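K.L.:
the following comprises the amino acid sequence and a computationally predicted model.
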There are 2 protein chains.
Amino acid sequence: MDISERKQKILAMVVEQYITTGEPVGSKSITVLLGNAVSSATVRAEMAELSEMGFLEQPHTSAGRVPSQKGYRYYVDRLMGKYELSSAEQHTLHNRLRTHAGEPEKVLEKAGGILAELTGCAAVSSTPLDEHTSIKRVELVPMGAKTALVVFLTSSGVLKSRVCRCDSEITIEMVELFYNIAAAEFIEKHPSDIHTAGVQTIAASLGDKALAMTPLLVTLSELCAAAAQSELLLEGQSNLLNHKELENSAAELMEFLKQAEPLSRLLSSKRDDLSILIGKENFFKELENSSMILARYHIGGQNAGSLGIIGPTRIDYARLIPSIRYLSYLVGNLLSEALDEES
Amino acid sequence: MDISERKQKILAMVVEQYITTGEPVGSKSITVLLGNAVSSATVRAEMAELSEMGFLEQPHTSAGRVPSQKGYRYYVDRLMGKYELSSAEQHTLHNRLRTHAGEPEKVLEKAGGILAELTGCAAVSSTPLDEHTSIKRVELVPMGAKTALVVFLTSSGVLKSRVCRCDSEITIEMVELFYNIAAAEFIEKHPSDIHTAGVQTIAASLGDKALAMTPLLVTLSELCAAAAQSELLLEGQSNLLNHKELENSAAELMEFLKQAEPLSRLLSSKRDDLSILIGKENFFKELENSSMILARYHIGGQNAGSLGIIGPTRIDYARLIPSIRYLSYLVGNLLSEALDEES
DNA sequence: GGTTGGCACTCGATACATTAGAGTGCCAAC
DNA sequence: GTTGGCACTCTAATGTATCGAGTGCCAACC
């Protein structure tokens, strides 16, 4: 798909003009942008061809041109300027994020908040999880005679807990047994290696203690299951309402974002460090009028999670991508640091 | 403020009719509802008086009547039927909520989700916190040579944690010292009793260990501060978009809900077990077109937190109040149960 | 052959007028 | 106190005319 240089220039101008104004772009304004080097009729001819090639679209016959998804894609891949954040901007981001170091979820939440504010889009992020994550520590905290809090910590710093209610009183022997089992069967393993079947086998091997221990072990395995999939954080959903092109689909979109499951599949499926999904390139029809920009963050060199935005297809890709990329870099840094794995 | 019985009847009819249809109510339809016992002219006269008294309003001269905020208030206080949920409905709610027992936040989240679905409004809930809450347990989990996770558990089942990064290596003595300090100065106290000044005093008394211990103690006191105020959970925000009367203010409203602080003040300020705030009765101008219905839930007989909805003033108070009330009762039960305080 | 000015044409947006209908307020009569 | 009747008001819906931005096409030009 090669396009003459002038067509590329015109396409880029249409995309940029449309991104800033939101109005269909006419041949006249392009002529001006080109410094009146050519007449509007020439531009019209070029634009007609770009339309025929599928890069531009017309809302209606007598309107200006608007980039098609294919047009955006070409722009993003080949025409868009590559900006970098100034070091002042980098510093600002760094400082704003730094205040929340220490709590992985808070860091991600804050990063999402910053992203939402910066981009005017909704921001998503997924909590860290990779194949090297292991169960680091398990604790049983007695709360009442028959209840205890099961606490669960992974090597990526994710902490989960759940109250467990037993049928009988929790004895010291049970607590000891619990720690022994945890150490033997859970610690150092990957959360998704713990299966319900395995837990049943363990329980069965306990003989007369099986009945009393089952609730505790079930609770623990539930926590494993919960830790085996990353959670999604959403920020700035209300920003979606400010985009007039999403006016009608905003409610549906927000509904979609709420049910985390499809979205989390989306976040974990992308392999590149930076993914740009425009319109129908997203795998869900609810997103067909939206674009996503997602960046991975790394903890100790490993892929850990993603961070990105969801907005209309009409967003300032060139300006936003560097921010997203840099924020994901910062998040990775902060989370790695917290885990002492930076060096 | 006494109103003739017929006026009361008419007011109730206008409110109910308007709630179901969303259209201003004319004298004709009231006449029909009254079984044509009187003519529309009579009803018109009554409605004119109700308008004069401030219970009804007219969107414009030749439109039907709409309840004013005062009208809603009168309806809610004196006219509204008192419904109770059927035991089948109670069972359904109970079963839906029960699956999440064990994790206080999940219970509240789920309760909010149910509420949002049931009411078509946004749901809010606040995590449990009362003056009897105390710090139950503090743990220090080493994660790297210089980093450790400080874990913090309150008597109401709230668990918090934070990674602490020290300047020097964390030694066994430091860990022991930490536990001693925690036991002496933190355990059994109310989180808000811990002040920064107090922590400084403690640190100062440690002599040459002060420098090394400070980061750990600061982290701990930060966790106390975080635990000293309840968190807000929001569900079903997108429901707000479905109400045409909020069309213009939905974005602003969602923005307002996001900044938790004013809202949490609102939630904690209400004293009654059930609060109904209509329009301007809310203390924030962002809520002046909205109504809130809030119910307290109790843990072990103590006020713990609130649960409720935010929607337009035009909501079906009579139908929704029982659901909210019952859900808050269920939440209280489930959370009490988890803490072994039910009997 | 690419470029240009000119021109007819399309179509949404805007403004304005008209109409229909729902609902009111008022009043004289019951 | 209640009623039917009636003039009045205001919105919403519909139709009509106009404006203008932008297009496509074409003959003429370099």
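P.N.:
Okay, I see it.
K.L.:
return the distance of A:Ile19 relative to A:Val66.
P.N.:
Look at A:Ile19 and A:Val66: by C-beta to C-beta, to the nearest Å, they are 11 Å apart. Backbone N, C-alpha and C define where each C-beta goes, glycine included.
K.L.:
also A:His243?
P.N.:
From A:His243 to A:Val66 the distance is 15 Å (C-beta to C-beta).
K.L.:
repeat for A:Lys160
P.N.:
Relative to A:Val66, A:Lys160 is positioned 47 Å away (C-beta to C-beta).
K.L.:
ok, now A:Leu206?
P.N.:
Taking C-beta to C-beta as the measure, A:Leu206 falls 67 Å from A:Val66.
K.L.:
higher neighbour count, these two?
P.N.:
Set A:Leu206 next to A:Val66 and count neighbours by other C-beta atoms under 10 Å in any protein chain shown: A:Val66 wins out with 19 against 15.
K.L.:
wait, isn't that one in contact with A:His60?
P.N.:
No - under the criterion of C-beta atoms under 8 Å, A:Val66 makes no contact with A:His60, lying 10.6 Å away.
K.L.:
which helix or strand contains the nearest residue to A:Glu139 once chain neighbours are set aside?
P.N.:
For A:Glu139, ignoring the flanking residues on the chain, the nearest one in space by C-beta to C-beta, 6 or more residues apart in numbering or on different chains is A:Val151 at 4.1 Å. Per DSSP states H and E: A:Val151 is located in strand A:147-154.
K.L.:
which residues in the stretch 151-300 of chain A form helices?
P.N.:
Assigned helices in the stretch 151-300 of chain A, in chain order: A:172-181, A:196-204, A:210-227, A:250-258, A:260-269 (criterion: DSSP state H, counting those that start in this stretch).
K.L.:
closest to A:Arg296 out of those?
P.N.:
Within the helices of the stretch 151-300 of chain A, the stretch nearest A:Arg296 is helix A:260-269; the backing value is 9.4 Å (C-beta to C-beta).
K.L.:
ok, residues contacting that closest one?
P.N.:
Contacts to helix A:260-269, defined as C-beta atoms under 8 Å, 6 or more residues apart in numbering or on different chains, come from residues A:124, A:126, A:229-232, A:256-257, A:282-284, A:292, A:294, A:305-306, A:308.
K.L.:
from the stretch 1-150 of chain A, which residue is nearest to DNA strand D?
P.N.:
Residue nearest to DNA strand D within the stretch 1-150 of chain A: A:Gly26 (2.9 Å; C-beta to the nearest atom of the strand).
K.L.:
count the residues that sit near that residue.
P.N.:
Neighbour count for A:Gly26, taken as other C-beta under 10 Å: 17.
K.L.:
the strands in chain A, which residues?
P.N.:
Applying DSSP state E to chain A gives strands spanning A:56-57, A:66-67, A:122-126, A:135-142, A:147-154, A:159-165, A:232-235, A:274-278, A:290-299, A:302-312.
K.L.:
tell me which of these is the most buried.
P.N.:
Counting by mean count of other C-beta atoms under 10 Å in any protein chain shown, strand A:122-126 has the highest mean neighbour count of the strands of chain A, with a mean of 27.
K.L.:
by contact count, what packs against it?
P.N.:
Packing partners of strand A:122-126 (3 or more C-beta pairs under 8 Å, 6 or more residues apart in numbering or on different chains; DSSP states H and E): helix A:104-119, strand A:232-235, helix A:260-269, strand A:302-312.
K.L.:
quick check: buried residues in the first one?
P.N.:
Spelled out, it's helix A:104-119. Under the neighbour-count criterion of 16 or more other C-beta atoms under 10 Å in any protein chain shown, helix A:104-119 has A:104-116, A:118-119 buried.
K.L.:
for chain B, what's its nearest residue on the stretch 1-150 of chain A.
P.N.:
With C-beta to the nearest C-beta as the measure, A:Gly144 is the residue of the stretch 1-150 of chain A nearest to chain B, at 2.4 Å.
K.L.:
mean pLDDT added to the helices of the stretch 151-300 of chain A, as TSV?
P.N.:
As requested, these are exported to TSV (pLDDT from 0 to 100):
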stretch	mean pLDDT
helix A:172-181	94
helix A:196-204	88
helix A:210-227	91
helix A:250-258	90
helix A:260-269	83
